[in-house]
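>>> Quick one, structure for this:
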Amino acid sequence: MPKKYQLKRVGQIPVKAPQVDESKFIINYRNELNPSQYEAASAVEGNFLVIAGAGSGKTRTLVYRVSRLVELGYDPQSILLLTFTRKAAKEMMDRAAILLDNRCTKINGGTFHSFANITLRKYAKAVKLDNGFTILDQSDSEDVINLIRGQLNQSQHKKRFPNKTTIFKVLSLSVNTGRPAELIIEEEYPHFSEYIEKFLQIQKVYTAYKRQNNLLDYDDLLVYLRDFLMEFSPAAKSFLNTIKFTMVDEYQDTNKLQSEVIKGLAQIHQNIMVVGDDSQSIYSFRGANFKNIMEFPNLFKDVKLITLEENYRSTQEILNFSNRIIEFAVEKYPKHLFTRKSGGELPGIISATNDNMQSRFIVEKILELREEGVPLNDIAVLFRSSFHSFDLEIELNKANIPYVKFGGMKFIETAHVKDLLAFLRIAQNPTDYVSWYRILLLHEGIGPKKAQIIMDEIAGGRLSIKSNPESAVSKKYNDKIFNLFSLLHEIHTKNQMPADKAELAFKYYEPIFKEKYDDWNKRKKDLDIFINISENYRSIDSLLADMALDPPQDSVIDIDAADKEREFLTLSTIHSAKGLEWHSVFIIHAVDGFFPSTQSFEKLESLEEERRLMYVASTRAKQNLFVCYPMHIFDRHNGITFAKPSRFIETISEELADQWLLEE
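I've put the predicted structure just below:
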């Protein structure tokens, strides 16, 4: 007798969980996880939002969920785990394989982009792509844009046209956030608003060029994937049927485009679990959208909220401090971090007279911690912006404390600071040819050849900054060279303080600087800081010597300890420190206008993100937390001004932190 078949509409086939006796599981999930972690790890069908507080073991929870789904008998290939870095995906799959067995390595794990690449190649026909498409990385994309920029003949502009990196940044941000390019230019690069039409023209040509040459950039991978899923063609339905469970890590960092991809993935099996912490959403400048995590329960059906609040990193004293900071957030999922760890001290809020005293206190405290046996590797100094650590870097160099800096360059490695220093170096040593070469090439119309001719003249004594340029610089040199020699002559011969000399050099360099860098408005702060630092010096010699000193690369240590790995203190922007932890953490420059930054005052969303930054910074500390601020800020336009402590620490009571005042 022939078999009878029953037709069921795709998407109406329920995912049947195999009936398994939990006592037969290899892993005792209930024993190995806390109640909230267990609730998340044992979730099977449905949509889940897991709000994982700082240090609450979110990776562990995801690893156990993967393992449990595999133990339940689901096909590992029907599980998709999306992360932000390859490293994170690999770590989770490796940990799940160690926990259970090798079946866990067969799950679909990877970054949004790698997942998009594999899917688009497989379903290229349905997406109207040739599956041999080439992927452009960021520098490739910038080169293509440079080519188009050149063809559109921008040299006719009197003012400099933005460079390839800036153009790419604007176009990419537009794709990822869904905001028009013109809006991004008006908000982020207002000094280029006259070029909006040109930007749009380049965008159009760039899109056509990629289409024509079978090229996809990183953003296209996600755009094509989203469109493929949302068009819901037979090929897309067939693909979506193979994915039963989707998990997304660090959901608070997703942008608009990524959230649309996730929505597309949920069209057949409504089994989406996103894990993240709304209080750690700090990447809006990269296009991340805080609203994604806040609106998740409205975008998906019957979302169950699970909150992980037990912290395995910090003392309760540090958590009370951090809870207090985030308590005032306007929009958040309520959570209260707690720990079973005991024996902590209250965090310290330290007010110093000025920036330099703040730096010297930190150096002293770091040396004390070292004496107490805390390795340098377990200490970090965190700051809102890269330039906040400049004064500290000089003090660390003096004290021979080796450090590595993340997020932003070391102060004396930034190109614009090096430029300004070169003027002072020449004024101090008129035969510093490295600095001469650097300065000469800054001037339009002077290439390597011409620079060499001028340096030969200096070497032969025919040109000098020691004598008045009126007599020394002959007519064969243009006004630019004459003006340069006039400046250097003035700095060299005038008996002035280092800050005055730096100010003179800056005035000359400013128009060149604005011409050279698209983002000069952001870099200008570094030069202001340089001039502020020079105020601490009485002689140009000591300023230049301190600027040239770098942490020693080889320390003289006992022979028996020679193989011991060298230790480094960590200096980091808070953005670069997310996800990391240290025994002792210093947060510096907690001053209103610096942290939160002045730019954030205009919009509530920006101010709220600054609050989350302070929360991320304070939750990096395991044992000691010190929040420091200078009470007086030197500004070269307004002189010394009184600083107000950051509004985020103003609400901290004496029960939550010890308040200290530094005195000489």
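
>>> When you work out contacts or count neighbours from here on, use the C-alpha atoms and nothing else.
Noted.

>>> quick one: low-confidence parts of the stretch 451-600 of the chain?
Counting by pLDDT under 70, the stretch 451-600 of the chain contains low-confidence residues at 469, 471-478, 545-546, 548-565.

>>> how about the helices in it?
Assigned by DSSP state H, counting those that start in this stretch, the helices in the stretch 451-600 of the chain fall at 469-472, 479-493, 498-516, 520-534, 540-548, 574-577.

>>> quick one: which of these is nearest Val616?
helix 574-577 (7.3 Å; C-alpha to C-alpha).

>>> The helices of the stretch 451-600 of the chain into TSV, with extra columns for mean neighbour count and distance to Phe390?
Conversion of the helices of the stretch 451-600 of the chain to TSV gives the following (neighbours: other C-alpha atoms under 10 Å; distance: least, C-alpha to C-alpha, whole Å):
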stretch	mean neighbour count	distance to Phe390
helix 469-472	14	35
helix 479-493	19	24
helix 498-516	18	16
helix 520-534	18	8
helix 540-548	15	10
helix 574-577	20	15
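
>>> how about these in JSON lines, adding distance to Leu49?
Converted to JSON lines, the helices of the stretch 451-600 of the chain look like this (distance: least, C-alpha to C-alpha, whole Å):
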{"stretch": "helix 469-472", "distance to Leu49": "71"}
{"stretch": "helix 479-493", "distance to Leu49": "62"}
{"stretch": "helix 498-516", "distance to Leu49": "47"}
{"stretch": "helix 520-534", "distance to Leu49": "37"}
{"stretch": "helix 540-548", "distance to Leu49": "50"}
{"stretch": "helix 574-577", "distance to Leu49": "24"}
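
>>> right, and these - which one's nearest Lys198?
Distances from Lys198 to each of the helices of the stretch 451-600 of the chain were compared using C-alpha to C-alpha; the minimum, 18.9 Å, belongs to helix 498-516.

>>> Please report how far the nearest residue to Tyr537 once chain neighbours are set aside lies from Ala499.
Leaving out its chain neighbours, the residue that sits closest to Tyr537 by C-alpha to C-alpha, 6 or more residues apart in numbering is Leu543, at 6.1 Å. Distance from Leu543 to Ala499, counting by C-alpha to C-alpha, to the nearest Å: 10 Å.

>>> Overlap of the contact sets of these two?
Between them, Leu543 and Ala499 share the neighbouring residues Ser534, Tyr537, with contact defined by C-alpha atoms under 8 Å, 6 or more residues apart in numbering.

>>> about what we covered before: which one of the helices of the stretch 451-600 of the chain lies nearest to Val44?
Among these, helix 574-577 comes nearest to Val44, with 33.1 Å by C-alpha to C-alpha.

>>> Restrict the closest one to CA atoms and write it as PDB.
Coordinates of each C-alpha in helix 574-577 appear next as PDB, following Å, rounded to 0.1, in the frame of the first residue of the first chain:
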ATOM      1  CA  ILE A 574      37.800  53.500  28.100                       C
ATOM      2  CA  HIS A 575      36.600  52.500  24.700                       C
ATOM      3  CA  SER A 576      39.600  50.200  24.200                       C
ATOM      4  CA  ALA A 577      39.300  48.800  27.700                       C
END
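
>>> Not counting that helix itself, show me its contacts.
The contact list for helix 574-577 (C-alpha under 8 Å, 6+ apart) reads Ile282, Tyr283, Leu382, Phe383, Arg384, Phe406, Gly407, Leu613, Val616, Ala617, Arg620.

>>> what about the longest strand in the chain?
In the chain, ranked by residue count with DSSP state E as the criterion, the top strand is strand 621-630.

>>> what is the rounded mean pLDDT of whatever helix or strand comes next after it?
Toward the C-terminal end, the helix or strand that comes next after strand 621-630 (DSSP states H and E) is strand 632-635. For strand 632-635, mean pLDDT rounds to 78.

>>> Check which residues of strand 632-635 are buried.
Buried positions in strand 632-635, judged by neighbour count with 16 or more other C-alpha atoms under 10 Å: His632, Ile633, Phe634.

>>> hey, what's Thr573 bridged with?
Legend: beta-bridge partners of Thr573 under DSSP bridges are Phe383.

>>> residues near it, how many?
Using other C-alpha atoms under 10 Å as the criterion, Thr573 is surrounded by 23 other residues.

>>> any idea how far Leu173 is from it?
Using C-alpha to C-alpha, we find Thr573 at a distance of 22 Å from Leu173.

>>> pLDDT weak spots in this protein?
Of all residues in the chain, those with pLDDT under 70 make up the ranges 1-4, 6-21, 153-159, 408-413, 469, 471-478, 545-546, 548-565, 635-637.

>>> residue ranges of the helices in the stretch 51-200 of the chain, please?
Counting by DSSP H, counting those that start in this stretch, the helices of the stretch 51-200 of the chain are 58-71, 86-99, 112-122, 124-127, 138-151, 164-177, 181-188, 196-212.

>>> so of those helices, which one's packed in deepest?
The highest average neighbour count among those, using mean count of other C-alpha atoms under 10 Å, belongs to helix 58-71 at a mean of 22.

>>> coming back round to it: for Thr353, find the nearest of the helices of the stretch 451-600 of the chain.
Each of the helices of the stretch 451-600 of the chain was scored for nearness to Thr353 using C-alpha to C-alpha, and the closest is helix 520-534 (14.9 Å).

>>> So what touches that closest one?
Residues from elsewhere that reach helix 520-534 (C-alpha under 8 Å, 6+ apart): 387, 390-391, 411, 416-417, 420, 498-499, 502-503, 506, 513-514, 543, 634-636.

>>> mind listing what the residue lying closest to Lys256 once chain neighbours are set aside touches?
Using C-alpha to C-alpha, 6+ apart and skipping residues adjacent in sequence, the residue nearest Lys256 is Thr177, 5.3 Å away. Shown in contact with Thr177 (C-alpha under 8 Å, 6+ apart): Asn255, Lys256, Leu257, Gly287, Ala288, Asn289.

>>> Many thanks, have a good one.
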